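Visitor: The following comprises the amino acid sequence and a computationally predicted model.
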Amino acid sequence: MADQILMPKLGNSVEECLITEWLKNEGDTITVGEVICTVETDKAAVDVEASAAGVILKILYPVGEEVPVLKPIVIVGEPGEDISHVDTSVTDDAPSKTKTDSVNISIPGDTLLKPVSVSETTIKNTNTGFSSPRARNLASAEGIDISTASGTGPSGRIIERDILKLSSGYAPASAAAIDKMLGSGGVRPAVGSGIGGRVLSSDITSVSMGSNVASIAETREVPVKGIRKIISDLMLKSLNTSAQLTLNSSANAENLLRLRKRLKNSSESLGLNRISVNDLVMFAVVRTLKDYPEVNAHFLGDKIIQYENVNLGIAVDTERGLMVPVVKNVQNLSLKDFASGNRAVYDRINSNTILPDELTGATFTVTNLGGLGIESFTPVLNIPEVAILGVNNIQLKPVKKDDEVVFESFIGLSLTFNHQAMDGAPAARYLQSLSHNIKDIDLLIAI
Amino acid sequence: MYDIIIIGAGPGGYVAAERAGKLGKSVLIVEKEYLGGVCLNRGCIPTKTLLNSTKLYKQARNSAPYGVHAGNVSFDWEEAMSWKNEVVETQRKGVSFLMKENNVDVLNGIADLLEGKRISVDGKIYEGENIIISTGSSNFIPSVPGSKGANILTSDEILDLEKLPKSIAVIGGGVIGMEFASLFSNLGIKVDVIEMMDEIIPMMDKDHARVMRREMKGVDFHLSSQLLKIEGKKLTYLFNEKEESLEAELVLMAVGRRPNTAGLENTGLDINKGKIVVNEKMQTNLPGIYAVGDVTGLSMLAHSASRMGEVAVNNICGIQDRMRYNAVPWAVYTSPEAAGCGMTESEAFAVGRKVKTASVLMKHNGRFMAEHGKTAAGICKVVVDKETEVLLGVHLIGGISSELVAGAAAMIESELRVNEIKQIIFPHPSLSEVIRDAVWAIKEE
């Protein structure tokens, strides 16, 4: 009897997943738990494991297709089995039942919201990243980057008229340029270098066609898909849609380093040895956020939602690219519980078992490049969050003490905030408080 | 205070003035000599007029195969010169009319560029929001012994020549040199061309240049030859490490032209190797100051100057525009004519671009054979990108090539490909069909 493997439901907010790669072909024998394909939600790329064993009799959707969750994607069974009777159109748990308008922000139910609850209309503007096949075909033929379109279809889906609206602002492209766009997947500029701004084939990529033939042969093409695609879309959207800027400061790290040393050398029975400098800094971040609700907030265009709970996003560099797992409701955790929660999340990231829901819902994010010797940088906001803290390396600075100058350790802090949501002074005040709390971290953990 | 002050009324300056005036700008144009510049007064127009007279003379003497027997054909240089002067004066009046019609103020005199977008002419100061420098270029005379002699002329003086010489030596096988060589050789005057490079007319397809030399039967070419000295009628030149000499009554110096930047050295303008440096909007390094035409040293052709003038005016008026050099057509009005637009095969090779080419002979074209006979030389060669089949260049020699090349420019500017050009309808019978035939001759891969 043939079995069906369904598109898994990857979180409450996920309605559809895009198939990005088939790792198995029709005719392959699979066992339960084997990865058969990779799919993308608007937040994450996920491996789909086989829920049934047998021979793949039919793959129901090609790469690039968006499939509603809980829809069959594969039929497995005995080789040569007749599958004509298998009904793949309906499933027992139709996704429409769980359909919500909330797509991008999933905050735990017990989160306290101020001043009002998230309204449906606010969320509707959020681009779901989904688009109709007609819209995609048109965008591809016109060489338009579909992610620049704002969707006006159901649930913010990008539909044909959104692409038509966008393409009306573009200069015409030569047939040769359109062919090149379709061939290379390149995106055309709004105005080209040809007659009357006509887009020519040389405008499609920055690689010059004539003078650099030798170096073209040496290049390697890396497709932008999966996590890379998600990051590229989110980062561009962040910079395109917010007024972000960065404040740089530093905190005296003498006590921090002393405390870290004591923790590391403490008795193993206490379970404190693995608490890192980053855990300590993030602990200070969380505790300081409690006093600054304007920093622990989301900016939604017509309203700002401030959270009392802290859901901390932690930027992690993985083999697959940047991922931001979220540790939730950490505002009242002890240092020990906070650090062990962080480690559990890192483990799930590294073993690739993190769930899409664990990658959403942050109210504030921390990213740390200090281990790589970075002295200051400009973190990019994880919108709609209003701020993100970049943690830099530790440097010695001269400090005047009594009548002599001594060198003390300072840890660099770079706070990017959205000026749409708050002004420089409150952001600076948060950074200053954080700096004090890091300096007195030994006192902070006692509170 | 003017919106735009233009220095120099050649094809760069006066076209800029006309366009700016049409856009409602207040414009002052300053010219030290005649409206129309070198092109109209001592270049394009007078040479084409004289060349036409000599071509008619040559045709009349060679029209028997077509059933026309013209007896006692003679050529009167004086009459040809006065017709040339009439054409030039009429055209000059045309420019003057254009200036008036577009409310452009015209000032005769020499302009000095001052600080702060001001100029002085005869001691009077004028101020402009923007300044366009279109001062053109001048003939360059190499300093070889004897180059200051009375029988040494440039294209400036030769257009006032009173009496035809028995023989002439042309120094330089570029466009100017070749047109005068053709002019005198059409009249049966002995012509020698001394050229330092190994081929005439650098932008020309090498195969076509060879054909042109072969077709100009009355001209002796001395390529890879360097003029050493002139002693009276005797010219000594170095060829293959040996000194050789020839005799000529007149010597035409046509080795090239230099941008006119005298007086601009201390204005703060970025001038590199005698050329004003500009970007693709024709802006110089000084805000509000533009330069167009020969003075930039880029594409020293009248029509390039005019287009540059338009680009400058458009950018001043806030209209997006940029100068492109990949589809600038050129033409040489020799007998036979030659013209081209875009990349030649050897240019493509030099930049490592893979191309396909195809050539067709003009004698297979109906109109060409009817008008030029069975054996006349004529070739059309097209260069297309090997991968995309985009048309990159069209190169012509023979017939009225200069009139065909505008079509090629339109195709190259629009980035048309072989299959698209095949869908264009060409009039029959016309020489323009050679472009279509050459495109059809491109081999499919």
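Guide: On my side now, so go ahead.

Visitor: and the residue of the stretch 101-250 of chain B nearest chain A?
Guide: Residue nearest to chain A within the stretch 101-250 of chain B (CB to the nearest CB): residue B:203, separated by 17.0 Å. (Each C-beta comes from the backbone N, C-alpha and C, glycine too.)

Visitor: Run a quick neighbour tally on that residue.
Guide: Burial measure for residue B:203: 18 neighbouring residues, criterion other CB atoms under 10 Å in any protein chain shown.

Visitor: From chain A, how far out is the residue lying closest to it once chain neighbours are set aside?
Guide: Excluding the flanking residues, the one nearest residue B:203 by CB to CB, 6 or more residues apart in numbering or on different chains is residue B:330, at 5.9 Å. Residue B:330 is 18 Å from chain A, where distance means CB to the nearest CB, to the nearest Å.

Visitor: so who does whichever residue of chain A sits closest to chain B touch?
Guide: Closest approach between chain A and chain B, counting by CB to the nearest CB: residue A:174, at 3.8 Å. Applying CB atoms under 8 Å, 6 or more residues apart in numbering or on different chains to residue A:174 gives the contacts A:194, A:198, A:199, A:200, A:201, B:414, B:415, B:416.

Visitor: again, but for residue A:390
Guide: A:246, A:367-369, A:374, A:376-379, A:413-416.

Visitor: try 10 Å this time
Guide: A:246, A:248, A:315, A:365-370, A:374, A:376-380, A:412-416 (CB atoms under 10 Å, 6 or more residues apart in numbering or on different chains).

Visitor: Closest approach to chain A from chain B, which residue is it?
Guide: residue B:415 (3.8 Å).

Visitor: so what's that residue closest to, chain neighbours aside?
Guide: Using CB to CB, 6+ apart and skipping residues adjacent in sequence, the residue nearest residue B:415 is residue A:174, 3.8 Å away.

Visitor: What segments of the stretch 101-250 of chain B are strands?
Guide: Ranges of strands within the stretch 101-250 of chain B are B:104-108, B:111-114, B:118-121, B:124-133, B:137-139, B:152-153, B:167-171, B:190-194, B:219-222, B:225-231, B:234-239, B:242-247, B:250-253, based on DSSP state E, counting those that start in this stretch.

Visitor: Tabulate the ones you listed (CSV), appending mean neighbour count and mean pLDDT.
Guide: As requested, the strands of the stretch 101-250 of chain B are arranged in CSV below (neighbours: other CB atoms under 10 Å in any protein chain shown; pLDDT from 0 to 100):
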stretch, mean neighbour count, mean pLDDT
strand B:104-108, 18, 98
strand B:111-114, 19, 95
strand B:118-121, 18, 96
strand B:124-133, 20, 97
strand B:137-139, 19, 96
strand B:152-153, 20, 96
strand B:167-171, 25, 98
strand B:190-194, 23, 98
strand B:219-222, 20, 97
strand B:225-231, 18, 96
strand B:234-239, 17, 96
strand B:242-247, 12, 96
strand B:250-253, 24, 97
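
Visitor: okay if I get these as a markdown table plus distance to residue B:9?
Guide: As requested, those are exported to a markdown table (distance: least, CB to CB, whole Å):
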| stretch | distance to residue B:9 |
| --- | --- |
| strand B:104-108 | 7 |
| strand B:111-114 | 11 |
| strand B:118-121 | 13 |
| strand B:124-133 | 11 |
| strand B:137-139 | 14 |
| strand B:152-153 | 25 |
| strand B:167-171 | 29 |
| strand B:190-194 | 32 |
| strand B:219-222 | 35 |
| strand B:225-231 | 34 |
| strand B:234-239 | 37 |
| strand B:242-247 | 40 |
| strand B:250-253 | 25 |
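
Visitor: Nearest to residue A:163, out of these?
Guide: Nearest to residue A:163, of all these, is strand B:124-133, at 40.4 Å by CB to CB.

Visitor: From the contact counts, what lies against that closest one?
Guide: In terms of contact count using 3 or more CB pairs under 10 Å, 6 or more residues apart in numbering or on different chains; DSSP states H and E, strand B:124-133 is assigned the packing partners strand B:2-7, helix B:13-22, strand B:27-31, strand B:104-108, strand B:111-114, strand B:118-121, strand B:289-291, helix B:302-316.
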